[in-house]
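>>> got a sequence here, can you model it:
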Amino acid sequence: MPLISWQDMATQTAPKQAQLQVVPIVADHIPQVVRLCVQGMQDNPLHVRVFGADRTLRERRLRHFFTPLIRHIMRHGLLFGGYKNAQLIGVFGMFPPGQCRPRPQHAIHLLPVFRAGGTPLGLLRLVRWLWSWLHNDPAKPHWHLGPLVIAEHLQGRGMGRQLIAQVAIRVESSGELAWLETDKLSNVRLYESYGFSIVDQTTIMGVTNWFMQGRLPRISPAKPAD
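Sure, this is the predicted structure:
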């Protein structure tokens, strides 16, 4: 698949904007966002390793994990939802430069994340995972992307591309560095098609993790066309 810039995506996706309504997530929709994140990422290799092989237990722990995390993103970053026929089918979060690293004053809101560990071993695995990602976070200013989730039944239909393209139009940017992590090779190929490249990889508890960077598009904010 040829590389495509975010700006090209915005241009190519414009005729289809009516298919997907992209708006900032509001507090009332947090349960829907958490549900979508759990459903879309419950089988990620690292989530299985950290939260356990039992699917029911893993879903419950992931709900404990994503609920405070989503609230934190809404307080300190940007969180957009993609709606199709009034149903939430996609979520895209991002922190602006200087906001992705938790600060001491954020602890009270982020402590519930660690409840998701469930057991002392689970907590240890969760801390090891999050510390590894934090350790690999670049020191230079960057936009930190994630989560990016599309409902399972709509994956592979270009909805992720539409969601990213419309968010790119709405976010004022000037070509800053963008950074993301993933533990799925299929995601690596997808992000490479968006113009991202692998800058590092590491193994966390037996699971390969890739760290990727790209550039945000030079697009000024525009009034939503949908």
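>>> what bits of this protein have low per-residue confidence?
Within the chain, the segments meeting pLDDT under 70 span 1-18, 172-175, 217-226.
>>> pull out the buried positions in the lengthiest helix in it.
Ranked by residue count under DSSP state H, the longest helix found in the chain is helix 55-76. Within helix 55-76, the residues scored as buried using 16 or more other CB atoms under 10 Å are 58, 60-74, 76. For glycine as for every other residue, the C-beta is placed from the backbone atoms N, C-alpha and C.
>>> next one: stretch 109-126
Quick answer for stretch 109-126 (16+ other CB under 10 Å): Val113, Phe114, Ala116, Gly117, Gly118, Gly122, Arg125, Leu126.
>>> ok, stretch 26-35 next?
Buried residues in stretch 26-35 (16+ other CB under 10 Å): His29, Ile30, Val33, Val34.
>>> same question for stretch 145-153.
Leu145, Gly146, Pro147, Leu148, Val149, Ile150, Ala151.
>>> let me know the secondary structure of the most centrally placed residue in the chain.
Centrality entry for the chain: nearest residue to the mean C-alpha point is Pro147, 1.3 Å, by CA atoms, centre = their mean. The three-state label given to Pro147 by DSSP: H, G, I helix; E, B strand; the rest coil is strand.
>>> by contact count, what packs against the helix or strand containing Asn187?
If you go by DSSP states H and E, Asn187 is part of helix 185-193. Under the contact definition 3 or more CB pairs under 8 Å, 6 or more residues apart in numbering; DSSP states H and E, helix 185-193 sits against strand 177-182, strand 207-215.
>>> pick the most buried one from those.
strand 177-182 (a mean of 20; mean count of other CB atoms under 10 Å).
>>> what's in contact with that strand?
133, 136-138, 140-146, 148, 188, 191, 196, 209-216 (CB atoms under 8 Å, 6 or more residues apart in numbering).
>>> that strand: how far from the chain's middle?
9 Å (CA atoms, centre = their mean, to the nearest Å).
>>> start the count at 206 instead of 1 going forward.
New numbering, starting at 206: the last item is strand 382-387.
>>> partners of it in the sheet?
strand 348-355 (parallel), strand 412-420 (antiparallel) (DSSP bridges).
>>> out of those, nearest to Gly257?
strand 412-420 (13.9 Å; CB to CB).
>>> can you tell me how far Ala291 is from Val228?
Distance, Ala291 to Val228, using CB to CB, to the nearest Å: 11 Å.
>>> and those two? which has more neighbours close in?
Between Ala291 and Val228, counted using other CB atoms under 10 Å, the more crowded position is Val228 (14 against 6).
>>> so what's the more buried one bridging to?
With DSSP bridges as the rule, Val228 is bridged to Gly286.
>>> wait, doesn't it sit right on Leu284?
No: with contact defined as CB atoms under 8 Å, Val228 and Leu284 do not form a contacting pair (10.3 Å).
>>> neighbours of His347, how many?
21.
>>> coming back round to it: orientation of the longest helix of the chain relative to strand 348-355 in degrees?
140 degrees (axes from the mean of the first three to the mean of the last three CA atoms, to 10 degrees).
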